[in-house]
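Q: Below is the sequence, then the predicted model.
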Amino acid sequence: MIITTASFKGGVGKTTTAIHVAASLQIEKDTLLVDGDPNRSASRWSKRGNGLPFKVVGEQQAAKYARKYEHIVIDTQARPTEDDLQDLVDGCDLLILPTTPDVLSLDALLQSVTLLQSLGSEQFKILLTRVPSLPRKDGDEAREMLKEAGLPLFKGKVRELVAFQKAALEGVAVNQVSDRRAGIAWKEYTAICKEIINGEV
């Protein structure tokens, strides 16, 4: 299975999602993460520690390693062009579109969805990320808006938790950090992965 993360806006958890989907898939079968972002965010994450359970390679190395792995997760550059999106859609089984539940991010998401629909693609799914804790209702309101628009949406969500920042700093997946909410953070991504594996995409 080839899974790609993409976003028209930075700061929505695109690389965090790629890292943790790959870590979750690795539990089932060998998984490769291809870092296609010019910022090399995933590669830098992996080099800060030795705790990622999967291999991370750049785009130039992907052809060499891909045949050895059951699953491939691709982290792409932010703000892809129409041609980039067409290539991404043609080259993966599922395109994950992470978005935070704020107006600017949702606007950017809707632009990418409109473009994907114009390309005739239906193999994408939206993931709400960095959802603030209650009593703020941003996440629920965004979910309701996306559901009313009839857009494909993961049942799960990923909350805004400090544990993810710690994981990035330490170069590990969130289940490896010392934080009282790290277990919650990890379960949210493993739930997303179960949706993918169970064919609910």
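A: Here it is on my side, so go on.

Q: Leaving aside the residues adjacent along the chain, what's closest to residue 157?
A: The shortest distance from residue 157 to any non-neighbouring residue, by C-beta to C-beta, 6 or more residues apart in numbering, is to residue 128 (4.4 Å). Every residue, glycine included, has its C-beta placed from N, CA and C.

Q: Can you give me the distance of the residue of the chain most remote from its centre to residue 185?
A: Most distant residue from the mean C-alpha position of the chain: residue 135, 25.5 Å away (C-alpha atoms, centre = their mean). Taking C-beta to C-beta, to the nearest Å as the measure, residue 135 falls 20 Å from residue 185.

Q: which residues in the chain form strands?
A: With DSSP state E as the criterion, the chain has strands at 2-5, 31-36, 55-58, 71-76, 94-99, 124-128.

Q: which secondary structure elements does the last one contact?
A: Going back to what we said before, that points to strand 124-128. The contact analysis (3 or more C-beta pairs under 8 Å, 6 or more residues apart in numbering; DSSP states H and E) places strand 124-128 against strand 94-99, helix 103-118, helix 138-148.

Q: same for the last one, what does it pack against?
A: For helix 138-148, the packing partners by 3+ C-beta pairs under 8 Å, 6+ apart come out as helix 103-118, strand 124-128.

Q: Could you list the buried residues of the lowest-mean-pLDDT helix or strand in the chain?
A: The helix or strand of the chain with the lowest confidence, counting by mean pLDDT, DSSP states H and E, is helix 82-90 at a mean of 80. Residues 85, 86, 88, 89 are the ones in helix 82-90 that count as buried (16 or more other C-beta atoms under 10 Å).

Q: List the neighbours of it that are in contact with it.
A: 4, 6, 74, 76-77, 80, 95, 112, 115-116, 119, 121, 123-124 (C-beta atoms under 8 Å, 6 or more residues apart in numbering).

Q: about what we covered before: pLDDT score for the residue nearest to residue 157?
A: Looking at residue 128, its pLDDT stands at 97.

Q: ditto for the one 5 residues further on
A: According to the predicted model, the pLDDT of residue 133 comes to 87.

Q: same question, the one 10 residues further on
A: According to the model's per-residue confidence, residue 143 sits at a pLDDT of 95.
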